[in-house]
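1. Quick one: sequence plus predicted model below, questions after.
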Amino acid sequence: MDLRPLHDRVLIKRLEEGEQKRGGIIIPDSAKEKPQQGEVQAVGNGKLLDSGSRTPPEVKPGDRILFGKYSGSEIKLEGDEYLILREDEILGVLE
């Protein structure tokens, strides 16, 4: 199943972080924070302006991005977890 976000929304797959160790103690999965990095899977057509024209999205599929801790909405598609967020919730693109 393919999903194309609408307007200025972006479909993100979170990037997994490596195992965290603090002072020789391994932190269990239940205590770990969710990563704030992701890879863009799909983008919408862009934001619709009052004039009726669209602003093209600045990100494209394959970009690695940073986003806020509480940004977007989590969804599940075919057993995989994704995040849908607005383009203005993206903090930056990793190059």
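-> All right, it came through fine.

2. What sits closest to Gly72 if chain neighbours are left out?
-> Of all residues not flanking Gly72 in the chain, Leu85 sits nearest, at 3.1 Å (C-beta to C-beta, 6 or more residues apart in numbering). All C-beta spots, glycine's among them, are computed from the backbone N, C-alpha and C.

3. low-scoring stretches of this structure, by residue?
-> 1, 17-24, 26-35 (pLDDT under 70).

4. sorry, back to before: check whether the residue nearest to Gly72 really touches Ile75, as I assumed.
-> No: here Leu85 does not reach Ile75: they are 10.9 Å apart, not a contact under C-beta atoms under 8 Å.

5. So between the two, which is more surrounded?
-> Using other C-beta atoms under 10 Å as the criterion, Leu85 and Ile75 rank with Leu85 on top: 21 against 12.

6. Tell me where the protein has strands.
-> For the chain, the strands defined by DSSP state E cover 9-14, 21-22, 25-26, 37-43, 47-48, 54-55, 64-67, 73-77, 80-86, 90-94.

7. ranking these by burial, who's on top?
-> strand 9-14 (a mean of 22; mean count of other C-beta atoms under 10 Å).

8. residues in contact with the residue nearest the centre of the chain?
-> By C-alpha atoms, centre = their mean, the chain has its centre lying nearest to Ile12, at 3.3 Å. By C-beta atoms under 8 Å, 6 or more residues apart in numbering, the residues touching Ile12 are 38-41, 65, 67, 72, 82-85.

9. partner residues bridging Arg14?
-> Gly38 (DSSP bridges).

10. Fine by me, we can end here.
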